[in-house]
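> with the sequence up front, the predicted model follows.
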Amino acid sequence: MSGERTSRVTRRKFLKTNGLGLLTAGLAGCTQSWGNSEEFPSEKIEMIVPWSAGGGTDRTGRKLAELAGNEMDTSFYVTNKTGGSGSVGFNAIANAKPDGYTVGVTTVEICTISHLGIADVSPNGLKPVMQYNFDPASLTVPEKAPYDSLDGFVKYAKKNPGKIRISNSGTGAIWHLSAAGFAQQAGIDVKHAGYDGGSPATKAVLNGEVEATTASAAEVASQVKDGPLKILSVFGNERVSIFPNVPTLKEQGYDFTMGAWRGLTVPNETPDDRIKQLHDTYKSVYDSKTFESFMKQNGFGLVYRDTETFGSFMNEEHERFGNIIERLNLGN
């Protein structure tokens, strides 16, 4: 990274040293483009996280902000704007000034809440920058729970309908849909309890407020490794690297997968050249060994989609989750 940083500084010095010469040379078209680029950024860039501090979205967002400051001539800072299953934060992103100085750490819930009647905000209200992550849900319970396997959990739930409470990150949020979808597949009756993110949803299990959570493996990792909690299954197509001994739902006879993704968006009408600058900055972070190491050590999955592909993906997800929510009869 030090070599890359030295190279960037050298290029900046070259541009600043030779900028006047370019102007006096009469290269109007080139210098106009160069001047617009130099005007941005001229102040700090805010990254809005729609979920509470300590959860996976917050942690990955803060790491992106930290490292992005090494790639662009400004600093990045995180603001948590929580509530309404992510809708408070999503609306804050959508309604911000479209000048490139507000970036949203946007999650899969942008594709669900309009179908649920929670808020009238969807991918149409945002412009994509890039996707950087995907994490499957996990079924996590107290270590002292009266079941040691997914089969035991399902049998207990069938014998005690409505007694198991599963925490999630809010009504219509991905962990809620994951729990509801699995319960439908397993034919069990459970109750759902919403919190403002994966971290408080996990704490609810630790505090005995609920019997389980479907937050990602990454979000429960420290509590599982230290012993208070245990994971019965993950909801992805493959096992997760930090818990290679935990089987998937498919391995245990349930044809069901679901998880969370995270990406970066900006308000509509944000200029394309600024979106490109932001994309290139975050992509440099994504490609760095530092970010890769952080994500892998903490169990966060690395998945990249560029600006155009991420936009198409969000639209597809919006349609897919509309069908899922209708099938689960969760919409208003």
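Here it is on my side, so go on.
> low-confidence ranges in the stretch 101-250 of the chain?
Counting by pLDDT under 70, the stretch 101-250 of the chain shows no low-confidence range.
> tell me where it has helices.
Taking DSSP state H, counting those that start in this stretch as the criterion, the stretch 101-250 of the chain contains helices spanning 150-159, 174-186, 198-206, 217-226.
> nearest to Gly55, out of the ones you listed?
helix 198-206 (4.0 Å; C-beta to C-beta). No exception for glycine: its C-beta is placed from N, CA and C like everyone else's.
> please, which helix or strand holds the nearest residue to Lys127 once chain neighbours are set aside?
Distances taken as C-beta to C-beta, 6 or more residues apart in numbering place Val266 nearest to Lys127, at 5.1 Å, with adjacent residues excluded. Per DSSP states H and E: Val266 is located in strand 259-267.
> output the contacting helices and strands for that strand.
helix 56-68, helix 87-94, strand 102-107, strand 126-136, helix 174-186, helix 272-287, helix 307-328 (3 or more C-beta pairs under 8 Å, 6 or more residues apart in numbering; DSSP states H and E).
> columns mean neighbour count and distance to Met295 on top of these, output as TSV?
Listed next are the helices and strands packed on strand 259-267 as TSV, based on neighbours: other C-beta atoms under 10 Å; distance: least, C-beta to C-beta, whole Å:
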stretch	mean neighbour count	distance to Met295
helix 56-68	22	7
helix 87-94	23	22
strand 102-107	26	14
strand 126-136	24	7
helix 174-186	23	18
helix 272-287	18	9
helix 307-328	16	17
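> how about TSV for these, with distance to Lys144 added?
Putting the helices and strands packed on strand 259-267 into TSV (distance: least, C-beta to C-beta, whole Å) gives the following:
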stretch	distance to Lys144
helix 56-68	25
helix 87-94	35
strand 102-107	31
strand 126-136	25
helix 174-186	21
helix 272-287	40
helix 307-328	31
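> among the ones you listed, which is nearest Ser199?
helix 56-68 (7.5 Å).
> what lies in contact with the closest one?
The list of residues contacting helix 56-68 from outside it, by C-beta atoms under 8 Å, 6 or more residues apart in numbering, reads 45, 47, 49-52, 76-78, 80, 105, 107, 132-133, 135, 197-199, 215-216, 218-219, 260, 262, 264, 281-282, 285, 288, 290-291, 294-295, 298, 300.
> ChimeraX command to pick out the buried ones of those residues?
Typed into ChimeraX, the line below selects the buried ones among those, using 16 or more other C-beta atoms under 10 Å:
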select :45,47,49,50,51,52,76,78,80,105,107,132,133,135,197,198,199,215,216,218,219,260,262,264,281,282,285,288,291,294,295,298,300
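> how far does stretch 74-82 sit from its chain's centre?
15 Å (C-alpha atoms, centre = their mean, to the nearest Å).
> for stretch 169-188, that is, sorry about that
Worked out by C-alpha atoms, centre = their mean, stretch 169-188 lies 18 Å from the chain centre.
> same question for stretch 254-271.
7 Å.
> follow-up on the earlier one: next, format the helices of the stretch 101-250 of the chain as CSV and append distance to Leu126.
Shown next, in CSV, are the helices of the stretch 101-250 of the chain (distance: least, C-beta to C-beta, whole Å):
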stretch, distance to Leu126
helix 150-159, 36
helix 174-186, 17
helix 198-206, 22
helix 217-226, 24
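> and the ones you listed: which comes nearest Ser87?
Per C-beta to C-beta, nearest to Ser87 of the helices of the stretch 101-250 of the chain: helix 174-186, 13.6 Å.
> and that closest one, what does it pack against?
Using 3+ C-beta pairs under 8 Å, 6+ apart, helix 174-186 is in contact with helix 150-159, strand 165-168, strand 191-194, strand 259-267, helix 307-328.
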